[in-house]
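> predicted coordinates and the sequence they were generated for:
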Amino acid sequence: MTNNRRPLISGNWKMNLNHFEALKMVQELSYEVTRDDVDALDISIHPPFTDLRTVQTTLDSDKIPFFLGAQHCHSEKSGAFTGEVSPAMLAKLGVRYVIAGHSERREIFGESDELINAKVRAILAHDMTPILCVGETLEERQAGEAEAKVQAQLKAGLARVKAEQVAELVIAYEPIWAIGTGQTASAEDAQTMCAVVRSVVADKSGSDAAEAVRVQYGGSVKPTNAAELMSQPDIDGALVGGASLEASSFARIVQYRLHDL
């Protein structure tokens, strides 16, 4: 990479692993990941809510240098929102990164751009870093609407976010058609869309923010394609789903620098 942006590799466990399995997973991953790895990049782990306390205490007590992440939160600090978790609660647990607007939240649970923007601002207000997800469906890509879809999601998601805050964000481009399907955007296609993300940030928040913001690629990231994806100039990390559920496969993605392209 030719920039100064520190890569971020994030493991999104989705609705997998109970707290016993989470403890085992984190400990196994800590054995697989080396000091050279954590010196070169950041690693965030995003378990289900029921695992957060277990993972937090394990990271702290064993001095494991991973960042604790969450998959979702509500936009309000507290209130009558049965089943929801507030950003204030996550912050108290030492959560550093919170995913906002994952395609599964948008597509399955009907989260709107406006709601996702409210979450982004709430996460920032509680001194955590949003991982704002954007991406198009297969139908939108085939219709030539991929760039317009991502641009619209970004503009809405970053509304009323200050330039200096945008610079500290993580934005994950995740083509919906590649999530959990085994299909992956080519490295060139991923780079093209991540460059679109950076150009939208430049238009909204200026060139300094665009240069600083970290852009991840998400969508069937595997040990076999991580190095090629990470070699692209506008890709600064990966949002990893299925491959993050097995310590050795996630570690190999973290160690993409060691693999030949």
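Cool, got the structure.

> show me what the helix or strand encompassing residue 148 is packed against.
Using DSSP states H and E, residue 148 falls within helix 146-157. Judged by 3 or more CB pairs under 8 Å, 6 or more residues apart in numbering; DSSP states H and E, helix 146-157 is in contact with helix 113-125, strand 129-134, helix 187-205. Yep, even glycine has a C-beta here, placed from its N, CA and C like the rest.

> buried deepest among those, which one?
Among the helices and strands packed on helix 146-157, ranked by average contacts under mean count of other CB atoms under 10 Å, first place goes to strand 129-134 (a mean of 26).

> how about the next helix or strand after it: buried residues?
Counting by DSSP H and E, the next helix or strand C-terminal to strand 129-134 is helix 138-142. Buried residues in helix 138-142, counted by 16 or more other CB atoms under 10 Å: 140, 141.

> which of the three states applies to residue 75?
Using DSSP: H, G, I helix; E, B strand; the rest coil, the structure places residue 75 in coil.

> the most far-flung residue of the chain relative to its centre: what secondary structure?
Most distant residue from the mean C-alpha position of the chain: residue 80, 28.1 Å away (CA atoms, centre = their mean). Three-state assignment for residue 80 (three-state DSSP): coil.

> mind checking how far it is from residue 116?
From residue 80 over to residue 116 the distance is 21 Å, taken as CB to CB, to the nearest Å.

> tell me which residues in stretch 145-159 are buried?
146, 147, 149, 150, 151, 153, 154, 156, 157, 158.

> would a markdown table of these with distance to residue 166 be doable?
Shown next, in a markdown table, are those (distance: CB to CB, whole Å):
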| residue | distance to residue 166 |
| --- | --- |
| 146 | 22 |
| 147 | 19 |
| 149 | 20 |
| 150 | 16 |
| 151 | 15 |
| 153 | 14 |
| 154 | 10 |
| 156 | 14 |
| 157 | 10 |
| 158 | 6 |
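
> tell me the gap between the helix-or-strand element of the chain with minimal mean pLDDT and the middle of its chain.
Every helix and strand of the chain was ranked by mean pLDDT, DSSP states H and E. The lowest is helix 138-142, at a mean of 91. A distance of 22 Å separates the centroid of the chain from that of helix 138-142, by CA atoms, centre = their mean, to the nearest Å.

> likewise stretch 89-99?
Worked out by CA atoms, centre = their mean, stretch 89-99 lies 14 Å from the chain centre.

> straight-line length of that stretch, end to end?
Counting by CA to CA, to the nearest Å, you get 15 Å between the two ends of stretch 89-99.

> ok, now stretch 76-84?
10 Å.

> with stretch 138-150 instead?
13 Å.

> burial count for residue 109?
Close neighbours of residue 109, defined as other CB atoms under 10 Å, add up to 10.
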